[in-house]
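Participant: Next input, structure requested:
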Amino acid sequence: RGALILSLSKDLCRNASTKTMHLKMLVLSISLVLIVPTADAFSGFFVSPTLRKTDALALRGLQAACSKSTEVEYDPGCSRRELLIGASCSGALGTALLHPSAAASEIKAPPSNLVEITDPETYSALAYSPPTTQAQEEARVPLIVVLHGAGINSGTASDLADPKGEHAGLIPSLLASGNAPKELSERFAVLAPYSQGKTSFYEEPRTKLLKFVQWALSDAGRQAGCPVVDPSRVFLFGFSDGATVGVELLTTRKFRGGVFAAYGFTGELPKKARERLSDQPVWVFHSKDDVIFPVKCSDNLVKALRAAGTKDVVRYTRFDRDQEGFTGRVKGHSTGITASKDPEIYTWMLSL
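Facilitator: Purely as a prediction, here's the structure:
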């Protein structure tokens, strides 16, 4: 495991200008091998020390989402990129690692109903509106909010549509390339915010995402190009870091349900979070051979939700091996792609 992380750190820091970053990466890499799990002083649960601060952030997010105030400020001293030394990045960068030319790939022009929109106070995003009849427009379509995983994220929201980019294979790129299941492209609107300049949404206050969704559903959002949707049928789709954040957002009970692939929180859900999720429809995807976030993360999540009385509304697709052919440093971390192209998840959402 130490060799894996050290290799990742070298790849990410190959062009670093200082020796300090390399030294920090090396020390943290060695700690992955030498330090045994101990009790986490903050959460009271047993977690790996190298993930302690990371999980503490997630726990704070869950606790805050369940309180009257949902404000969760990111602590710059607990950088997820620094703590995981690029492992979380490599999960989202799986496609880019498999396709070395991805960084230089040319982004095809997205279809006319897939546009980039911007809320000046929160995020830019890709917005998709399905072709609809007059009757469908009057009834309004459901909305899926897509939360991508970790990555470099140095471009624009349009990068989410790149079929060879770091977030390739997720819902936006499927829509852009014309490969989305018709259950998605014909029946759902989509909003995919982009964590520009951040490794992922994990580094952002959760209230910022909630504020973005609220804006998207407002008149101001619609005037900016957001689709007209049924505000009572807003779903979450999260992959990797996006899945971890998505579960936190679902505890606010502002969403109809969620699909979460490669969930990465290694701790235990707080009691209040379990209570708030007790009747929320959730479908979890994970692969047993995931080398980025171990499958036990999703195992524990599903077990906790079902123990809280949610067995009838919780589904779990647990693969024995990677379904997309990912190997090496990103093996098994492709369930976001697998779930995105599965027509059944959209049929399931429509049934809720």
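
Participant: CA only for contacts and neighbour counts going forward, please
Facilitator: Noted.

Participant: residues contacting Leu277?
Facilitator: Counting by C-alpha atoms under 8 Å, 6 or more residues apart in numbering, Leu277 makes contact with Leu250, Thr251, Arg253, Leu305, Thr310.

Participant: So which of these belong to helices?
Facilitator: Leu250, Leu305 (DSSP state H).

Participant: Kindly reformat the contacts of Leu277 as JSON lines containing pLDDT, distance to Leu126 and neighbour count.
Facilitator: Shown next, in JSON lines, are the contacts of Leu277 (pLDDT from 0 to 100; distance: C-alpha to C-alpha, whole Å; neighbours: other C-alpha atoms under 10 Å):
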{"residue": "Leu250", "pLDDT": "98", "distance to Leu126": "21", "neighbour count": "24"}
{"residue": "Thr251", "pLDDT": "97", "distance to Leu126": "25", "neighbour count": "24"}
{"residue": "Arg253", "pLDDT": "96", "distance to Leu126": "24", "neighbour count": "15"}
{"residue": "Leu305", "pLDDT": "93", "distance to Leu126": "31", "neighbour count": "23"}
{"residue": "Thr310", "pLDDT": "62", "distance to Leu126": "32", "neighbour count": "21"}
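
Participant: Have a look at the protein and report the helix or strand with the lowest mean pLDDT.
Facilitator: The least trusted helix or strand in the chain, going by mean pLDDT, DSSP states H and E, turns out to be strand 38-39, with a mean of 26.

Participant: Show the contacting residues for the residue lying closest to Thr118 once chain neighbours are set aside.
Facilitator: Nearest in space to Thr118, with sequence neighbours left out and distances taken as C-alpha to C-alpha, 6 or more residues apart in numbering, is Ser124 at 4.1 Å. Shown in contact with Ser124 (C-alpha under 8 Å, 6+ apart): Glu116, Ile117, Thr118, Thr156, Ala157, Pro193, Tyr194.

Participant: and of these, the nearest to Pro231?
Facilitator: Comparing those against Pro231 with C-alpha to C-alpha picks out Pro193 as the nearest, at 17.3 Å.

Participant: Where does pLDDT dip in the stretch 1-150 of the chain?
Facilitator: For the stretch 1-150 of the chain, applying pLDDT under 70 flags the ranges 1-112, 133-138.

Participant: for the stretch 101-250 of the chain, what spans make up the strands?
Facilitator: Along the stretch 101-250 of the chain, counting by DSSP state E, counting those that start in this stretch, strands occupy 114-118, 124-128, 141-147, 189-194, 229-239.

Participant: For the longest one, list every residue counted as buried.
Facilitator: Which is strand 229-239. Buried positions in strand 229-239, judged by neighbour count with 16 or more other C-alpha atoms under 10 Å: Val229, Asp230, Pro231, Arg233, Val234, Phe235, Leu236, Phe237, Gly238, Phe239.

Participant: In TSV, list these along with pLDDT.
Facilitator: TSV is the format used below for the buried residues of strand 229-239 (pLDDT from 0 to 100):
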residue	pLDDT
Val229	96
Asp230	96
Pro231	97
Arg233	97
Val234	98
Phe235	98
Leu236	98
Phe237	99
Gly238	98
Phe239	98
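
Participant: same question for stretch 211-219, mean pLDDT?
Facilitator: Mean pLDDT, stretch 211-219: 98.

Participant: Which helix or which strand is home to the residue lying closest to Asp289 once chain neighbours are set aside?
Facilitator: Nearest residue to Asp289, sequence neighbours excluded (C-alpha to C-alpha, 6+ apart): Gly332, at 4.9 Å. Following DSSP states H and E, one finds Gly332 outside all helices and strands.

Participant: What residues sit buried inside the one helix or strand Ile337 maps to?
Facilitator: Using DSSP H and E, Ile337 falls within helix 335-340. Using 16+ other C-alpha under 10 Å as the test for burial, helix 335-340 gives Thr335, Gly336, Ile337, Thr338, Ala339, Ser340.

Participant: beta partners of Phe237?
Facilitator: Beta bridges link Phe237 to Val146, Val259, judged by DSSP bridges.

Participant: burial measure for the closest residue to Lys208 other than its chain neighbours, as a count.
Facilitator: Spatial nearest neighbour of Lys208, chain neighbours left out: Thr122 (6.1 Å); criterion: C-alpha to C-alpha, 6+ apart. Neighbour count of Thr122, defined by other C-alpha atoms under 10 Å: 18.

Participant: Kindly report the same for Asp289.
Facilitator: 18.

Participant: got it, and Leu143?
Facilitator: Per other C-alpha under 10 Å, the neighbour tally for Leu143 reads 26.

Participant: Would you state the helices of the stretch 51-200 of the chain in chain order?
Facilitator: Per DSSP state H, counting those that start in this stretch, the stretch 51-200 of the chain has helices spanning 52-65, 80-84, 87-92, 94-98, 134-139, 171-177, 182-185. These are given in chain order.

Participant: circling back: look up which residues are beta-bridged to the residue nearest to Thr118.
Facilitator: Where Ser124 sits in a bridge, its partners, by DSSP bridges, are Thr118, Tyr194.
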